[in-house]
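Q: A structural model of the following input is requested.
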Amino acid sequence: QVQLVESGGGLVQAGGSLRLSCAASGRTFSSYAMGWFRQAPGKERKFVAAINWGGGSTYYEDSTKGRFTISRDNAKNTVYLQMNSLKPEDTAVYYCAASRSYFGASDKRYNYWGQGTQVTVSS
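A: Below is the predicted model:
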């Protein structure tokens, strides 16, 4: 199993930037593909970005392409989400997730989840 802890959320003005981190426990972090998802109040959880086991492949939801960058440091057991040019519609709780066997956008295929970190973008 793996435990995930997100950090880095906060309040930022539109156009600003934040970097989220997700620290994973255990010694097998490189065995997991990682994803970021977000859930706005009253809405379903949605895919944001994913990165494969070695970090060589990434995948983004259309509205985040060119603004968000997912990366990972397997030596530090951490995955990051750099968010630039933030918009009010990016406001949500952001979750990281891990999967041993799946790299993609379906939240149902991820086995482990963090507790989430709040991102609020003011206009």
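Q: Would you mind pulling the contact partners of whichever strand or helix holds Ala98?
A: If you go by DSSP states H and E, Ala98 is part of strand 92-99. By CB atoms under 8 Å, 6 or more residues apart in numbering, the residues outside strand 92-99 that reach it are 2, 4, 6, 9, 20, 22, 24, 32-40, 43, 45, 48, 79, 81, 107, 109-119. Placement of C-beta: from N, CA and C, glycine included.
Q: Given that strand, what are its sheet partners and their directions?
A: When pairing is defined by DSSP bridges, strand 92-99 lines up against strand 33-39 (antiparallel), strand 112-113 (antiparallel), strand 117-122 (antiparallel).
Q: now the ones you listed in JSON lines, with distance to Ala14?
A: Compiled in JSON lines, the strands paired with strand 92-99 are given as follows (distance: least, CB to CB, whole Å):
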{"stretch": "strand 33-39", "distance to Ala14": "16"}
{"stretch": "strand 112-113", "distance to Ala14": "28"}
{"stretch": "strand 117-122", "distance to Ala14": "6"}
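Q: Quick one: those strands as CSV, columns for mean neighbour count and distance to Gly66 too.
A: Formatted as CSV, the strands paired with strand 92-99 follow (neighbours: other CB atoms under 10 Å; distance: least, CB to CB, whole Å):
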stretch, mean neighbour count, distance to Gly66
strand 33-39, 24, 16
strand 112-113, 17, 27
strand 117-122, 17, 17
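Q: So for Phe103, which of those sits nearest?
A: Taking CB to CB, strand 33-39 is the member of the strands paired with strand 92-99 nearest to Phe103, at 4.0 Å.
Q: model confidence over the closest one, on average?
A: What strand 33-39 shows for mean pLDDT is 98.
Q: Now find how far off-centre that strand is within its chain.
A: Distance of strand 33-39 from its chain centroid, counting by CA atoms, centre = their mean, to the nearest Å, is 4 Å.
Q: I'd like the next helix or strand past that strand.
A: Downstream of strand 33-39, the next assigned helix or strand under DSSP H and E is strand 46-51.
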